[in-house]
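Trainee: No letters, just coordinates:
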């Protein structure tokens, strides 16, 4: 059992994901999740405000980790380079890859979870932009660097989930290179 | 009165925005919006499924316009250049700038509207990615070009709303150049 599954929160996440996969998100109740995790409903609500939130327990850790990592980047580093350095620390707080792969499938199949994911990603974007602004970057640059960084992280996550042997840092670099290539390809910027 | 305000839908949008601004989004009812527009509640629901949706009437037109414009771009054009050409047609379906500026303020002040906007933007992204894929671009390229394009459009919209005299096409080019500059700045891509 992975370390994060040894605690109540990890057990609830695992139980919820198993039930969502087995019987569907809509048909699963908080009571069932708690029971499967050998916990009470009250324990569930100690960790999560509602059923939708149970698959997003990792998003706060990820945000905190990124913000801490941004703080550790040497001053004078460019905004996107700062984000890339922070993103490189993501695997330290990732749930196991199998869990994340199942989770992605459940989210893709359930619009309420997709909406919650959009909100979480928007919250992460806001936090990253704010962190860059605190480092002295202007608003436009902080926004654009965040948008570029989020695009890179999104493609990196997809590739990392799809390929069991891929190295996260290498995929992150490849994603950045691919984004740059899209921007410089055959006069993309020459259009009005 | 602008052309779009001459019809029932435009009048409902205008009435809703005025009421949201005057008395707040939460305190405004569909009945009040319909009354202000000299229409019945039933007419409201002919155009919009709920109160949240009334500020997003333009998003479908924008999506349709972009998809049509993408179809008109010469084959062999790069994916981001294709999107940029489509984005350039946006002002043709824009609501008046004053309306859009007030609308942005109301959305920024109301989390339920922010969530709806995230969903609309995600829907637009999906449609753009699908349109690029239909033109033969691979999935990763289509996604990255869409993410880059959406980043450019977001900064362009902010600048266009902020500066009453700015030319949309010029701002679009400037946004693209700024995004490229963020990507190439001081070794952003050299990080692992």
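Mentor: Happy to help now that I have it. Values in this document were obtained by computation on a predicted structure and should not be read as measured data.
Trainee: The nearest residue in space to residue A:135 that is not next to it in sequence: neighbour count?
Mentor: Nearest residue to residue A:135, sequence neighbours excluded (Cβ to Cβ, 6 or more residues apart in numbering or on different chains): residue A:82, at 6.9 Å. Every residue, glycine included, has its C-beta placed from N, CA and C. By the measure other Cβ atoms under 10 Å in any protein chain shown, the count of residues near residue A:82 is 27.
Trainee: My read is that residue A:82 contacts residue A:73, right?
Mentor: Yes. Between residue A:82 and residue A:73 there is a contact at 4.6 Å, judged by Cβ atoms under 8 Å.
Trainee: The strand or helix carrying residue A:157 vs chain B: in contact?
Mentor: Here residue A:157, judged by DSSP states H and E, is contained in helix A:139-162. Yes. Using Cβ under 8 Å from any Cβ of the partner chain, helix A:139-162 comes into contact with chain B via A:140-141, A:143-145, A:147-148, A:150-151, A:154-155, A:158-159.
Trainee: what's the closest of these to residue B:184?
Mentor: residue A:148 (10.8 Å; Cβ to Cβ).
Trainee: and that closest one, what is it in contact with?
Mentor: Residue A:148 is in contact with A:80, A:179, B:148, B:151, B:179, B:182-183, counting by Cβ atoms under 8 Å, 6 or more residues apart in numbering or on different chains.
Trainee: Just the element for residue A:132, please.
Mentor: helix A:111-134.
Trainee: In space, what's closest to the most centrally placed residue in chain A - neighbours in sequence excluded?
Mentor: The C-alpha lying nearest the average C-alpha coordinate of chain A belongs to residue A:59 (Cα atoms, centre = their mean; 5.6 Å). Once flanking residues are discounted, residue A:59 sits nearest to residue A:120: 4.5 Å by Cβ to Cβ, 6+ apart.
Trainee: Equivalent analysis for residue A:149, please.
Mentor: Nearest in space to residue A:149, with sequence neighbours left out and distances taken as Cβ to Cβ, 6+ apart, is residue A:83 at 3.8 Å.
Trainee: pretty sure that neighbour is touching residue A:128, no?
Mentor: Yes. Between residue A:83 and residue A:128 there is a contact under Cβ under 8 Å: 6.3 Å.
Trainee: sorry, back to before: the helix holding residue A:157 vs helix A:111-134, what angle?
Mentor: If you take axes from the mean of the first three to the mean of the last three Cα atoms, to 10 degrees, helix A:139-162 sits at 130 degrees to helix A:111-134.
Trainee: Give the rounded mean pLDDT of helix A:139-162.
Mentor: The average pLDDT within helix A:139-162 is 95.
Trainee: what about the very next helix or strand once past it, average pLDDT?
Mentor: For helix A:139-162, the succeeding helix or strand toward the C-terminus, using DSSP H and E, is helix A:168-184. Helix A:168-184 shows a mean pLDDT of 94.
Trainee: From the contact counts, what lies against helix A:168-184?
Mentor: helix A:79-87, helix A:139-162, helix B:79-87, helix B:139-162, helix B:168-184 (3 or more Cβ pairs under 8 Å, 6 or more residues apart in numbering or on different chains; DSSP states H and E).
Trainee: One more pass at 6 Å, please.
Mentor: helix A:139-162, helix B:139-162 (3 or more Cβ pairs under 6 Å, 6 or more residues apart in numbering or on different chains; DSSP states H and E).
Trainee: Rebuild these as a markdown table, extending it with distance to residue A:21.
Mentor: Formatted as a markdown table, these follow (distance: least, Cβ to Cβ, whole Å):
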| stretch | distance to residue A:21 |
| --- | --- |
| helix A:139-162 | 15 |
| helix B:139-162 | 24 |
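Trainee: Quick check: residues of chain A near chain B?
Mentor: Within reach of chain B by Cβ under 6 Å from any Cβ of the partner chain, chain A has these residues: A:78, A:80-81, A:84-85, A:88, A:118, A:122, A:140, A:144-145, A:147-148, A:151, A:155, A:169, A:173, A:176, A:178-180, A:182-183, A:185-189, A:191-192.
Trainee: Before we move on, what's the pLDDT of the residue nearest to residue A:135?
Mentor: Residue A:82 is given a pLDDT of 96.
Trainee: That one is in contact with residue A:72, isn't it?
Mentor: No. At 9.9 Å, residue A:82 does not count as touching residue A:72 under the criterion of Cβ atoms under 6 Å.
Trainee: If you count neighbours, what's buried in stretch A:176-185?
Mentor: A:176, A:178-180, A:182-183, A:185 (16 or more other Cβ atoms under 10 Å in any protein chain shown).
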